[in-house]
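Visitor: the following block contains a protein sequence and its predicted model.
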Amino acid sequence: MSSALSSPVGAEWWGEVDIPMGETMRWQVGPLCLWVQRLPGEWRVAQTQLEDPLHALVEAKRSVTAEDIDENAYVERFGVRGDSTVFRISPQLADRPVVSRPDRPFHLPAGEEAVLFVGSPLWILMSTESPRRALMDTPVFRPSDTWFGPTNHDGELCYASRTFCRLRIEEVPLRPNRCVTAVTVRNHADDDLPLDRLKLPVDALALYRGDDGRLWTQDLHLDRHEDKEHARLTISKKNPALASRPRCLGTARVPTQVNVMTRAFSTLFSLGGDDG
């Protein structure tokens, strides 16, 4: 059996691994602990989650015994043909937009612009090889649900998250289970723009890794127009501007237009509402 490999924050915890028949592997990615077993005719995946969504420990794969699986773990079984023992785990962005609420009130005066660094949680895709089959798509830490829109009928279901709205990337902690989006907000109107909640369409963004280990999405540009009721969302076609030699880890779940003009300003920003 291999010994535990406690990895530095920012190390790659994903990739392919061979799990011989009858053996079990364990991963720790932030608050998520995974056990994967290869048994005749099936794969078994067990998981537990810590209560702290910002827990930053990363422990690379290691061999354990079936008896080492937490007795309180949630276990799922997946029937498969063949005898392939290759298993893959991959980082993913959330499967729907994430609504971030600043921890303190943040305002953008008339005519100003700012670059905000907003974090969002990651998902993990688990799959087999030969042939490739997707087994599970699970959050490292599942955020709570929230409704985003001007009314109960006009809007969409999103995930809720907190953000510090940091203005310097050096102040953003490097965490293995979260990615960063650089959001440039421009206020072209003649009054103050309070950012109570900000919707990030992470399901329409690609995921990148910088050579320092930080995970990024494509950059976003949000422009509030002079009429105060319209805004434009632009998804950058380029690699994240501040990422160090970025490498793409995955494309968008839901490809979309690069430029989107919204009729209702509230489809991008919100001046009120509660996280559900």
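Guide: That came in fine, so what should we check first?
Visitor: correct me, but residue 215 touches residue 91?
Guide: Yes. Taking contacts as CB atoms under 8 Å, residue 215 lies within contact range of residue 91: 6.8 Å. Heads up, the C-betas are built off the backbone N, CA and C, glycines and all.
Visitor: these two - which one has more neighbours?
Guide: Neighbours of residue 215 and residue 91, each counted by other CB atoms under 10 Å, are more numerous for residue 215; the result is 25 against 21.
Visitor: intersection of neighbour lists for residue 215 and residue 91?
Guide: By CB atoms under 8 Å, 6 or more residues apart in numbering, residue 215 and residue 91 have these common neighbours: 122, 207, 249.
Visitor: where does the chain dip in pLDDT?
Guide: 1-10, 257-276 (pLDDT under 70).
Visitor: and the shared contacts of residue 215 and residue 91, which of them are in strands?
Guide: 122, 207, 249 (DSSP state E).
Visitor: run the chain-centre distance for the helix or strand where residue 186 lies.
Guide: Per DSSP states H and E: residue 186 is located in strand 178-187. The chain centroid and the centroid of strand 178-187 are separated by 14 Å under CA atoms, centre = their mean, to the nearest Å.
Visitor: how about residues contacting the following helix or strand past it?
Guide: As assigned by DSSP H and E, the chain's next helix or strand after strand 178-187 is strand 193-194. Applying CB under 8 Å, 6+ apart, the external contacts of strand 193-194 come out as 105-110, 185, 187, 224, 269, 271.
Visitor: list buried residues within the residues you listed.
Guide: 106, 108, 185, 187, 224, 269 (16 or more other CB atoms under 10 Å).
Visitor: circling back: what's the closest of the shared contacts of residue 215 and residue 91 to residue 220?
Guide: Of all these, residue 220 sits closest to residue 207, with 13.9 Å by CB to CB.
Visitor: does the closest one touch residue 249 like I think?
Guide: Yes. Using CB under 8 Å, residue 207 is in contact with residue 249, at 4.6 Å.
Visitor: more neighbours: those two, which one.
Guide: residue 207 (24 against 18).
Visitor: who touches the more buried one in this structure?
Guide: 91-93, 179, 215-217, 248-250.
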